[in-house]
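Asker: next input, structure requested:
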Amino acid sequence: AGFSTDKAPSKKSKLEETSSSGTESKKSSINKSWDLSSKRRVKIDSYRGQSLIHVREFYIKDGKELPGKKGIALNPEQWKKFSSRFEEINESLDAEEEKEWSLNATRKVRLVELNGSFCVDIREMYMKDNEEKPGKKG
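Answerer: Numbering: from 1, shown residues only. Take a look at the predicted model:
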């Protein structure tokens, strides 16, 4: 499922930055996040020595914030490719145009209309019957 809003975000709006309060995970040496909404955020994390940028929904269980299934983790190269398209993505959102950009051979950023609203969908794709299909990761 993609991330959807009732209206396109303002180009002037900034993500709210939060950082850990010294309770870093054993897996993570980096722990910064920016809220997109009450449940969705962009989070920089480190896993097995590799930096990852998560764009996903998070939930609270037993007082701990945990990543949900809805979302995707991008490596720095994929994030740079995605973020280099922000201006073009915003222009397409404003024009309500469906478009897509490749991050690598299997991951894409798509602007799609869903229930009357446009959303940015970052998703892993797969091939079935010679047709590209959206996967569950994203």
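
Asker: which strands or helices does the top helix by length along the chain pack on?
Answerer: Scanning the chain for the helix with the most residues, using DSSP state H, yields helix 86-95. For helix 86-95, the contact count by 3 or more CB pairs under 8 Å, 6 or more residues apart in numbering; DSSP states H and E identifies strand 99-102, strand 107-114, strand 117-128 as packing neighbours. Using the backbone N, CA and C atoms, a C-beta is placed for each residue, glycine as well.

Asker: and that helix with strand 107-114, angle?
Answerer: Put simply, helix 86-95 runs at 20 degrees to strand 107-114, going by axes from the mean of the first three to the mean of the last three CA atoms, to 10 degrees.

Asker: can you show me the CA trace of helix 86-95 as PDB?
Answerer: As requested, C-alpha coordinates have been extracted for helix 86-95 and formatted as PDB (Å, rounded to 0.1, in the frame of the first residue of the first chain):
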ATOM      1  CA  PHE A  86      11.500  15.400  -5.400                       C
ATOM      2  CA  GLU A  87      10.900  18.500  -7.500                       C
ATOM      3  CA  GLU A  88       9.600  16.500 -10.400                       C
ATOM      4  CA  ILE A  89       7.400  14.400  -8.100                       C
ATOM      5  CA  ASN A  90       5.900  17.500  -6.500                       C
ATOM      6  CA  GLU A  91       5.200  19.000 -10.000                       C
ATOM      7  CA  SER A  92       3.500  15.800 -11.000                       C
ATOM      8  CA  LEU A  93       1.400  15.700  -7.800                       C
ATOM      9  CA  ASP A  94       0.300  19.300  -8.400                       C
ATOM     10  CA  ALA A  95      -0.700  18.400 -12.000                       C
END
